[in-house]
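1. need coordinates for the below:
(one chain, ligands or ions: 1)
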Amino acid sequence: MERLVINGKRKLSGEVKIHGAKNAALPILCACVLCDEKVVLHNCPKLSDIKNTIEILKYLGCEVTREEDTVEVVNKGYLKDSIPKDLMNKMRSSIIFLGPLTAKLGKANLCLPGGCELGPRPIDIHLKSFEKLNVNVVKQSGKIACSTEKIKGTSINLPFPSVGATENIMLLTALGNSKTLIHNAAREPEIIELQNFLNKCGANISGAGENCIVINGVKKLHGCTHSILPDRIEASTYMSFAAATGSTISIKNICNEHIEPVVFAFREAGCEMLFGENELKIIAPKRLNRIMHIKTLVYPGFPTDSGMPIIAMSCVAKGTTIFEETIFQNRYNATLGLNKMGANIKIYDRIAVVEGVKELYGADVEATDLRGGAALVCASLAANGITKITQLQHIDRGYENIEYNLSVLGADIKREKD
Ligand code: EPU
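-> Have a look, this model is predicted:
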């Protein structure tokens, strides 16, 4: 078993470079099955979710190589139409293979992803949209079979701007000779990134980042070289680390615009933020102020994935922060660990009331999910004494080299193995 051992209360200083965005790299890797030529992806983060997606690509028949942060994918022209359960179950985002496989092969047979640590995660919006696009969808005993003679483009109104459903529909309809409109599409930067990637490969897609995405199917997609955009959630997590420890750090390789939705929370907490070109210097006060009310929303609202680390920093703020989660049912799993460290958080369904305390104390805690794990790291950095965090597989899904980055910033952190 591995654990992070963090001796808290060290000030951080210096700079950290943000990696490529996990949630942009994942759908782009899935998109590679649509391309008939080599795809070269730079700035591809080294994370377990990316590793698992590469495993699936290899299983499907693609040749994939990685050298440092560059991943090359060659679709060799003979793809399998199914993915085994053990590969599917390693991460939920494997469902994003459904669209491109159905588009490329006319069929796909996958296992249904179950719920996850964040609560039930249905894919009804994906599947209903597929049916409208002339895909026959059969769900049986935990499996899902999609088949189609021909994708027939149409106008789709999403009941909720689901990120995954928007991606899956874009990938289903990028090929073919029909036109599809996605109304109430997700507007996250990762959707724009997917559009940019697909267009570089010869697709004809417009409107990503706005309410309506228009996809004109094309005959074929070629390859391209693409660099993955920086991870806005990793950036906001390091901002929380600086804020919780009263530190000043520079965060490099960010997209300033994508950080915008979280900036007000840090300013309200008393942090000064100086933006440069693709970088940010955050200067945190000795003790943070409480943040009046944070409500997570779809982009460009406050991102759900930034929430838990901000809750962790608010644990040591002056006063009470109210946090409202609107996207996932079980966002607050890490509260148990935070309260074990001396935090005072009360959960009322989707609302978390964080009563700031003067001190947190080191404890033995378990990461429950990716962002909750990052919240425990955040609290440990601010806490008196030693915290040991286990279940690191959650944290490793989304944060490359976290202990190395934090050590360079001056934290006392190491990874131990039994
Ligand atoms: N939903 C449905 N039906 C659907 C699809 C979604 O009810 O068919 C619900 C979900 O259950 C959830 C909400 O809608 O309550 C949001 O789901 P969405 O489809 O927008 O999210 P996702 O594609 O499953 C991606 C990210 C998440 C991020 C969310 C929201 C990836 C691989 N995952 O998930 O990232 O929180 O968008 O921005 O892109 C993470 O990185 O830690 C993470 C969870």
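
2. going by C-alpha atoms from here, please, whenever you check contacts or count neighbours.
-> Fine.

3. Cys271: what's it in contact with?
-> Cys271 makes contact with Ala243, Ile282, Ile283, Ala284, Pro285, Leu288, according to Cα atoms under 8 Å, 6 or more residues apart in numbering.

4. setting the sequence-adjacent residues aside, check what's closest to the closest residue to the ligand within the stretch 201-350 of the chain.
-> When scored by Cα to the nearest ligand atom, the stretch 201-350 of the chain has Phe328 as its residue closest to the ligand, at 4.4 Å. Spatial nearest neighbour of Phe328, excluding adjacent residues (Cα to Cα, 6 or more residues apart in numbering): Leu118 at 6.0 Å.

5. wait, isn't the one you found in contact with Glu325?
-> No: using Cα atoms under 8 Å, Leu118 is not in contact with Glu325, being 11.3 Å away.

6. any idea how far Tyr78 is from the ligand?
-> For Tyr78, the distance to the ligand equals 26 Å [Cα to the nearest ligand atom, to the nearest Å].

7. isn't that residue right up against Tyr59?
-> No: between Tyr78 and Tyr59 there is no contact under Cα under 8 Å: 11.1 Å.

8. neighbour-wise, which of these two wins?
-> Taking neighbours as other Cα atoms under 10 Å, Tyr78 and Tyr59 compare with Tyr59 leading, 16 against 10.

9. how near is Leu221 to Thr166?
-> 19 Å (Cα to Cα, to the nearest Å).

10. who has more neighbours out of those two?
-> Thr166 (26 against 22).

11. just list the residues touching that one, thanks.
-> His126, Ile182, Ala185, Ala186, Ile191.

12. ok, and which of those residues reach the ligand?
-> By Cα under 6 Å from any ligand atom, the members of the contacts of Thr166 lying near the ligand are His126.

13. what's the closest of the contacts of Thr166 to the ligand?
-> Relative to the ligand, and with distances defined as Cα to the nearest ligand atom, the nearest of those is His126, at 4.9 Å.

14. okay, that closest one: pLDDT?
-> His126 is assigned 97 on the pLDDT scale.

15. likewise for Gly114?
-> 61.

16. coming back round to it: which one of the contacts of Cys271 sits in the busiest neighbourhood?
-> With neighbours taken as other Cα under 10 Å, the top of those is Ala243, carrying 32 neighbours.

17. tell me the buried residues in the helix or strand of the chain with the lowest mean pLDDT?
-> Using mean pLDDT, DSSP states H and E, helix 85-88 stands out as the lowest-scoring helix or strand of the chain, at a mean of 90. Judged by neighbour count using 16 or more other Cα atoms under 10 Å, the buried positions of helix 85-88 are Met88.

18. quick one on the thing from earlier: tell me the one of the contacts of Thr166 nearest Glu403?
-> Ile191 (29.7 Å; Cα to Cα).

19. the closest one: neighbour count?
-> Using other Cα under 10 Å, Ile191 is surrounded by 26 other residues.

20. need the three-state assignment for it.
-> On the three-state scheme (DSSP: H, G, I helix; E, B strand; the rest coil), Ile191 is labelled helix.

21. that one contacts Gly209, doesn't it?
-> Yes: between Ile191 and Gly209 there is a contact under Cα under 8 Å: 6.9 Å.

22. shared neighbours of those two, anything?
-> Joint contacts of Ile191 and Gly209 (Cα under 8 Å, 6+ apart) do not exist.

23. now for the residue located most distally from the centre of the chain: which residues touch it?
-> In the chain, Glu149 marks the outermost C-alpha relative to the chain mean, sitting 33.4 Å out by Cα atoms, centre = their mean. Counting by Cα under 8 Å, 6+ apart, Glu149 touches Gly106.

24. who touches stretch 28-36?
-> 39, 53-54, 57, 62, 73-77, 79, 96-97, 100-101, 103-104, 171, 175, 194, 197-198, 201, 220-223.

25. please list the members of those residues that lie in strands.
-> Under the assignment DSSP state E, the contacts of stretch 28-36 contribute Val39, Cys62, Val73, Val74, Asn75 to strands.

26. between these, which sits nearest Val263?
-> Val39 (34.7 Å).

27. check that closest one and give its pLDDT.
-> pLDDT, read off for Val39, is 98.

28. picking up where we left off before, that's a helix at the residue farthest from the centre of the chain, yeah?
-> No: applying three-state DSSP, one finds Glu149 to be coil, outside a helix.

29. where does the stretch 51-200 of the chain have low pLDDT?
-> Low-confidence segments of the stretch 51-200 of the chain (pLDDT under 70): 114-115.

30. so which residues on it come close to the ligand?
-> Selection of the stretch 51-200 of the chain residues close to the ligand by Cα under 6 Å from any ligand atom yields Ser93, Pro120, Arg121, Pro122, Ile123, Asp124, Ile125, His126, Ser162, Val163, Gly164, Ala165.

31. just the buried ones from the residues you listed?
-> The buried subset of those - by 16+ other Cα under 10 Å - is Ser93, Ile125, His126, Ser162, Val163, Gly164, Ala165.

32. now do the contacts for the fifth one.
-> By that I understand Val163. Listed by Cα under 8 Å, 6+ apart, the contact set of Val163 reads Ala185, Ala186, Arg187, Glu188, Ile191.

33. please redo it, this time with the cut-off set to 6 Å
-> Contact analysis of Val163 by Cα atoms under 6 Å, 6 or more residues apart in numbering lists Ala186.

34. again, but for the third one
-> For His126, the residues meeting the contact criterion (Cα under 6 Å, 6+ apart) are Ala165.

35. please begin residue numbering at 57 from this point
-> Okay, using 57 as the starting number, the last item reads as His182.
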